[in-house]
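Asker: what's the 3D shape of this:
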Amino acid sequence: MQKIAIVPVGEEGRHVARRLLAQLPGEHISRQDVGKHWNDFDAFVFVGAMGICVRTIAPYVDDKHTDPAVVCVDSIGLNAISVLSGHVGGANDLTRDIAAILGAREVITTQSDLMGLWALDTFEQKYGWETELTEGHGTMNEVIATFVHKEPTALLLDIRDEGTDFMEAHLPSHVTLVSDISEVRADRFSLLIVVSPFAHAAPEGVKQIQYIPRVLQFGIGLAHEAPVQEVLEGLDALNYEHGINWEAGCICSIDIKADEPVIQRLKSDGYPIRLFTAEELSKVDVPTPSETVRKHVGTPSVCEAAALLASDNGRLLLPKVKGEHFTLAVAIDRKYLREGHIEIVGAGPGNSDLISVRGRQLLERADLILYAGSLVPKKLTDCHKPGATVRSSADMTLEEQCTLMKDFYDRGKLIVRLHTGDPCIFGAIQEQMAFFDEHDMDYHITPGISSFLAAAAELRSQFTIPERTQTIILTRGEGRTPMPEREKLHLLARSRSTMCIFLSATIADDVQRELLTEYPADTPVAVCYRLTWPDQRIFRGQLKDLAQMVRDNHLTLTTMLVVGDAIDNRHGRSELYNKHFTHLYRKGE
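Answerer: You can find the predicted model right below:
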């Protein structure tokens, strides 16, 4: 969290300063004390005239990589102006935050911001990457100038992480994504941007900047009292031979080596260190176990086991290599690999605006979108990138769906399997995940807004009411799919909780009969058809009329039945609004 100094200039700006202090992690200092505290704060926010701000900071300005951010706000809070260290120091972002707090106009003059381009000199701090500029391939200022002037730029990405996801999602028009260094020629490109843990070199005549993400795990085994310089030179030689950057990862070994001179030297040089017990390492399956190692340290592997364990049992990029007095293995967590990936995404209840930001971003990047066509509006897929394949699964068997996804997966593509609502609630994803597991395919789930949440929103009801009901039951009636005996509706109804019943409109008579064994006949009910879709319809009534409401309106699929006193209830008061209520964090607990 930034440490911010708020500097009001004169009495006129004090009310603005107070508003900022209420919402920023800052403290008030006087203008006269700015020089004394120049190195004590991450940012200075002046409230007053720009001229006074500039004259105050002028004697202390040194370098954009070390200077704090400076923002100036006029005394009545109409304009927030980024003055110093806009990118690297974070003044531009702070300016946006301040403008949002005050309802002010943000004034940012950095060229890349104005042109909607990446701020190349912020990626190191923003994403935790190391920056490497190769001698003869341009200085940072030359690289930035080439990029900002929109000269043809090649982008080579060897891994996938938050930063590369951002770059792909916001690819400027003059940047071309390449898959191999051989595609980068001086007659096509003026600049090469690389994000990789591996060494790459642009051809002569092409400027280059490389970002090195910390995604590798270097497993190291050491002889006792191994000579430091000899080991470090040997490790450097191996990494150079295999084109691996030392800055790309973490050093991993066994805990009994914690005090070894090599480990202490690497630690003092700033490399992150992870140490594991022999018991932890012995549980890892490795390609080259050693009985000699087991005899001496209690585990058949140190370097390979440590690398794999630290990478969450990822991929071994470099199996055990022996050097003088050491062994080395390198692994990477599979989540960083630019290989096939399947993301099961919750589409939300129907309205295309109700998908999550992450879900939308995945749809924009996907090579294949396979959506549940009978339940998910096709409009949700309209944001697909050019060339993406968009298919409805409505007319496909499970086997056909899995075969299609595996085909794209095997070609290293990103697949979005788009399910209605939230995939974990009656989402029919279990069979697909079993297939993915069987074929060792990498996948993840992005949650979505369930239709029961849409029901609460459209009914303008809070489904938990103090002292009335504190439980929401999500279930279905017993149709073609049998219900476990302990989950029969009449048993669940005993709590008289708010009940949201999925997929049951066609058996509304049975549902009503079972619920009436426990709920009073006048219990409020709502029949919700195609929630948040353009043709949404909602019918309110009492439990005794539930089945008739469904029949009269000819409702079958995509209908949710909601039962309980929480519907339209405006009684009950939350303890949150009790004047004696105190949040735990306010008590220091």
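
Asker: strands along the stretch 201-350 of the chain, start to end?
Answerer: 207-212, 216-222, 249-254, 273-276, 315-323, 326-332, 341-346 (DSSP state E, counting those that start in this stretch).

Asker: could these go into TSV alongside mean pLDDT?
Answerer: As requested, these are exported to TSV (pLDDT from 0 to 100):
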stretch	mean pLDDT
strand 207-212	96
strand 216-222	96
strand 249-254	95
strand 273-276	96
strand 315-323	94
strand 326-332	95
strand 341-346	95
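
Asker: in TSV: those strands, plus distance to Asp353 and mean neighbour count.
Answerer: Yep, even glycine has a C-beta here, placed from its N, CA and C like the rest. Listed next are the strands of the stretch 201-350 of the chain as TSV, based on distance: least, Cβ to Cβ, whole Å; neighbours: other Cβ atoms under 10 Å:
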stretch	distance to Asp353	mean neighbour count
strand 207-212	34	24
strand 216-222	40	27
strand 249-254	41	24
strand 273-276	43	17
strand 315-323	39	18
strand 326-332	37	25
strand 341-346	14	24
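
Asker: any chance of those in a markdown table with distance to Gly26 as columns?
Answerer: Shown next, in a markdown table, are the strands of the stretch 201-350 of the chain (distance: least, Cβ to Cβ, whole Å):
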| stretch | distance to Gly26 |
| --- | --- |
| strand 207-212 | 32 |
| strand 216-222 | 39 |
| strand 249-254 | 35 |
| strand 273-276 | 35 |
| strand 315-323 | 45 |
| strand 326-332 | 41 |
| strand 341-346 | 39 |
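
Asker: quick one: closest of the ones you listed to Leu555.
Answerer: strand 341-346 (23.7 Å; Cβ to Cβ).

Asker: output the helix or strand just after that closest one as CSV - backbone C-alpha positions only.
Answerer: Per DSSP states H and E, the first helix or strand lying C-terminal to strand 341-346 is helix 357-365. Extracted C-alpha coordinates of helix 357-365, given in CSV (Å, rounded to 0.1, in the frame of the first residue of the first chain):
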residue,chain,number,x,y,z
VAL,A,357,-15.3,-9.5,-16.3
ARG,A,358,-13.0,-12.5,-16.3
GLY,A,359,-15.5,-14.6,-18.2
ARG,A,360,-15.9,-11.8,-20.9
GLN,A,361,-12.1,-11.5,-21.2
LEU,A,362,-11.8,-15.3,-21.7
LEU,A,363,-14.4,-15.2,-24.4
GLU,A,364,-12.5,-12.4,-26.1
ARG,A,365,-9.3,-14.5,-26.1
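
Asker: buried stuff in helix 357-365?
Answerer: Residues of helix 357-365 classed as buried: 359-363, 365 (neighbour count, 16 or more other Cβ atoms under 10 Å).

Asker: quick one, what contacts the closest residue to Glu204 other than its chain neighbours?
Answerer: Spatial nearest neighbour of Glu204, chain neighbours left out: Ala186 (6.8 Å); criterion: Cβ to Cβ, 6 or more residues apart in numbering. Taking Cβ atoms under 8 Å, 6 or more residues apart in numbering as the criterion, Ala186 is in contact with 203-206.

Asker: isn't Gly13 up against Val73?
Answerer: Yes. Here Gly13 reaches Val73: they are 7.5 Å apart, a contact under Cβ atoms under 8 Å.

Asker: what do those two both touch?
Answerer: Contacts common to Gly13 and Val73, judged by Cβ under 8 Å, 6+ apart, are Val47.

Asker: in terms of neighbours, single out the busier of the two.
Answerer: Val73 (30 against 22; other Cβ atoms under 10 Å).

Asker: and that one, bridged to which residues?
Answerer: Val47, Ala80 (DSSP bridges).

Asker: which residues touch it?
Answerer: Neighbours of Val73 in contact, by Cβ under 8 Å, 6+ apart: 13, 16, 20, 45-47, 79-81, 98, 102, 104.

Asker: Lys413 too?
Answerer: With Cβ under 8 Å, 6+ apart, Lys413 has these contacts: 340, 367-368.

Asker: list phi and psi for the closest residue to Glu230 other than its chain neighbours.
Answerer: Among residues not flanking Glu230 along the chain, Glu324 sits closest, at 6.0 Å (Cβ to Cβ, 6+ apart). Dihedral pair for Glu324: phi -70, psi 110, per degrees, to the nearest 10.

Asker: pretty sure Glu324 contacts Gln229?
Answerer: No. With contact defined as Cβ under 8 Å, Glu324 does not count as touching Gln229 (11.3 Å).

Asker: all helices for the stretch 451-589 of the chain, in order.
Answerer: 451-458, 489-492, 508-515, 546-552 (DSSP state H, counting those that start in this stretch).

Asker: in the second one, which residues are buried?
Answerer: Along helix 489-492, these residues count as buried under the neighbour rule (16+ other Cβ under 10 Å): 489, 492.

Asker: can you check stretch 233-243 too?
Answerer: 234-235, 238-239.

Asker: do the same with stretch 554-574
Answerer: Buried, per 16+ other Cβ under 10 Å, within stretch 554-574: 555, 558-567, 569.

Asker: then stretch 141-148?
Answerer: 143-144, 146-148.

Asker: for stretch 14-32, same thing?
Answerer: Neighbour count says stretch 14-32 has 14, 16-17, 19-21, 24, 26, 29, 31 buried, by 16+ other Cβ under 10 Å.

Asker: can I get that stretch in CSV, CA atoms only?
Answerer: Once non-C-alpha atoms are left out, stretch 14-32 reads as follows in CSV (Å, rounded to 0.1, in the frame of the first residue of the first chain):
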residue,chain,number,x,y,z
ARG,A,14,-8.0,22.1,3.2
HIS,A,15,-11.5,20.8,2.6
VAL,A,16,-10.3,18.9,-0.5
ALA,A,17,-7.3,17.6,1.5
ARG,A,18,-9.7,16.3,4.2
ARG,A,19,-11.8,14.4,1.6
LEU,A,20,-8.6,12.8,0.2
LEU,A,21,-7.3,11.9,3.7
ALA,A,22,-10.6,10.1,4.4
GLN,A,23,-10.1,7.7,1.5
LEU,A,24,-6.4,7.5,0.8
PRO,A,25,-3.7,5.9,3.0
GLY,A,26,-2.2,9.3,3.6
GLU,A,27,-1.1,11.8,6.2
HIS,A,28,-1.0,15.6,6.2
ILE,A,29,2.3,17.4,6.0
SER,A,30,3.1,21.1,5.4
ARG,A,31,4.6,22.4,2.2
GLN,A,32,7.8,23.5,4.2
